[in-house]
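Chemist: Got a predicted structure here, sequence first:
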Amino acid sequence: MDGARDPRSDETTEQAGKALAASGVAVRAAGADDVVAGVPPRWVALPETAEEIAAVLRVSEEHDLAVVPVGGGTKLHWGAPPSRCDVLLDTCCLNEVVEHEAGDLVVRAQAGLTVEALAEALAAKGQELALDVPVPGTTIGGLVATAIAGPRRFRYGTVRDLLIGITVVLADGTIAHAGGKVVKNVAGYDLGKLFTGSYGTLGVVADATFRLHPLPPSRTWAAASFARPVRSGPGGDASEEASAPEAVRLAGELHAALAAAAGSQAEPVAVELDWPDVTGPATVAVLVEGAASAERADAVRALLGPEARTVGERPGWWGRLPSAPPPSRDGARAETDAGRDEEPPAGRGETLLELRASPSRVAGALAAVHVTALETGTPAAVRGSAPAGVVHVALRADAGRTARFADALRARVEAADGRLVVLSAPPEAADGLDRWGRVGALALMRRVKERFDPGGRMSPGRFVGGI
């Protein structure tokens, strides 16, 4: 894909621009900072209400303009580049808490409100949305569109589990509501679940209603480190043949620790793995919340082994996407850098993968990452909620090695009924990557897309199979 827009005459473009300006919505010319995965839009629309979103989409339908919604812009580089992008619809002006029913533990917030701003508002009433979003600056709309979740998905679930209502604007400008605080329902569809993870390809999220939880009185973390003995090959470096058994052994140890913590009667709310370089040591950290959290964390610590410890403050890497270790100058793995956690997570120069496997097969998936990194010479980092079956893998390598790593790892993961998805990749690596792998429900997803966006104008090409 070259990212080029459909050619249009100057007259057609001028007519579309005038129609957008006449819609009553603030519209400006797009600039260099508005590029979507390498594709520049023509205009940026700044609606302030769901009705103004609808006005923009009606004009877009009339003039066949492709629309890409954006919130904080933190994940615009996720997903495939759009096949075209005429209007970038920015929800930054929809940034209010619409309603907070503290007694019912329910909040309704507009799509452009950041998760951090929502957390601050809820904390004033002793409540929280129990999603540790790993990308700072994520908005409510982006949270729903990408279905991103952090460590406490282990206990509280994901966006789909906590979302109880939604307002969306469809491609033709229809405003639809579903779930909590219902004004109008669209029969036959659970819009909340349908729009969660849709990457803006079905319509625009205007606001969302979530189930909340009380803020816990205390939190305590237990953590333990696990290391793999390094065996040297003939050249002095760790050889693939010698290291593969050690990878399996270390993955087995990690899986045993993760499983023991996950099944603990201390009822942890999160069990996280941090493996900043898959040729080096890894850490398992467990979060316990609520009454007697310190005593319950001590019980978890005993399960993790004699080297485990309990801490009152969360680990610095907690709830963040991994950042890949750079290769050293001689091409071997760089030593773990204590300052790496200060780097921006999942930078745009890295490739970020999401690996999903059944919890019983996590050990095999972790070993597969390790062996694939050795085979391809690709520095890799792993972090995530392994007992929930979801971890993220960050890579920093040239395009060729990145593609070889992704293809080899996907083959191993899919052979064990898992999935590997490329969330983001730098432009030089993106063209050589299969972003989605095997998708069994593609035909159904195409039918849903045709139902909600028959003109193919909402974030075209961003999702699975060019949807």
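Modeler: Good, I have the coordinates.

Chemist: okay, CA-based contacts and neighbour counts for the rest of this
Modeler: OK.

Chemist: For Glu99, what is the enclosing helix or strand?
Modeler: Per DSSP states H and E, Glu99 falls inside strand 97-101.

Chemist: From the contact counts, what lies against the following helix or strand past that strand?
Modeler: For strand 97-101, the following helix or strand on the C-terminal side (DSSP H and E) is strand 106-110. If you count contacts as 3 or more CA pairs under 8 Å, 6 or more residues apart in numbering; DSSP states H and E, strand 106-110 packs onto strand 97-101, helix 140-146, strand 203-211.

Chemist: Give me the contacts around whichever helix or strand comes after strand 106-110.
Modeler: Following strand 106-110 in sequence order, the next helix or strand is helix 115-123 (DSSP H and E). Outside of helix 115-123, the residues within contact range by CA atoms under 8 Å, 6 or more residues apart in numbering are 97, 109, 128-129, 133, 136-140, 215.

Chemist: how about the least confident helix or strand in the chain by mean pLDDT: buried residues?
Modeler: Lowest by mean pLDDT, DSSP states H and E among the helices and strands of the chain is helix 240-262, with a mean of 80. The neighbour-count check on helix 240-262 (16 or more other CA atoms under 10 Å) flags 240, 243-244, 246-248, 250-259, 261-262 as buried.

Chemist: still on that earlier bit, now the strand holding Glu99 - C-alpha only, PDB.
Modeler: Extracted in PDB, the C-alpha atoms of strand 97-101 (Å, rounded to 0.1, in the frame of the first residue of the first chain):
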ATOM      1  CA  VAL A  97     -17.800  13.500  32.400                       C
ATOM      2  CA  VAL A  98     -21.500  13.500  31.300                       C
ATOM      3  CA  GLU A  99     -22.800  11.700  34.400                       C
ATOM      4  CA  HIS A 100     -21.400  10.000  37.500                       C
ATOM      5  CA  GLU A 101     -23.900   8.000  39.500                       C
END
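
Chemist: just to revisit the earlier point, so which of the contacts of helix 115-123 is the most crowded?
Modeler: The most neighbours of any of the contacts of helix 115-123, using other CA atoms under 10 Å, belong to Thr139, which has 29 neighbours.

Chemist: Wait, it touches Glu96, no?
Modeler: No - using CA atoms under 8 Å, Thr139 is not in contact with Glu96; the gap is 11.2 Å.

Chemist: quick one, domains of this protein?
Modeler: Listed by automatic domain parsing, the domain ranges of the chain are 1-215+436-467, 219-430.

Chemist: lowest-confidence stretch among those domains?
Modeler: With a mean of 84, domain 219-430 has the lowest mean pLDDT of those.

Chemist: For stretch 195-207, which outside residues touch it?
Modeler: Under CA under 8 Å, 6+ apart, the answer for stretch 195-207 is 49-50, 53, 68-69, 79, 94, 108-111, 140-141, 144-148, 159-160, 166-171, 449, 452-453, 458-460, 462-463, 467.

Chemist: Now the terminal residues of it, how far apart.
Modeler: 12 Å (CA to CA, to the nearest Å).

Chemist: same thing with stretch 296-312?
Modeler: Stretch 296-312 end-to-end distance (CA to CA) = 13 Å.

Chemist: One more: stretch 174-194?
Modeler: Start-to-end, stretch 174-194 (CA to CA) is 16 Å.

Chemist: ranges for the strands of the stretch 1-150 of the chain?
Modeler: Taking DSSP state E, counting those that start in this stretch to define them, one finds strands in the stretch 1-150 of the chain at 26-29, 43-46, 67-70, 87-90, 97-101, 106-110, 127-128.

Chemist: Minimum distance to Gly17: which of those strands has it?
Modeler: For the strands of the stretch 1-150 of the chain, proximity to Gly17 was assessed by CA to CA; strand 43-46 is nearest, at 8.0 Å.

Chemist: So which elements touch that closest one?
Modeler: Applying 3+ CA pairs under 8 Å, 6+ apart, one finds that strand 43-46 contacts strand 26-29, strand 87-90.

Chemist: same thing but at 10 Å, please
Modeler: Secondary-structure packing of strand 43-46 (3 or more CA pairs under 10 Å, 6 or more residues apart in numbering; DSSP states H and E): helix 10-21, strand 26-29, helix 50-62, strand 67-70, strand 87-90.

Chemist: Fine, thanks again, bye for now.
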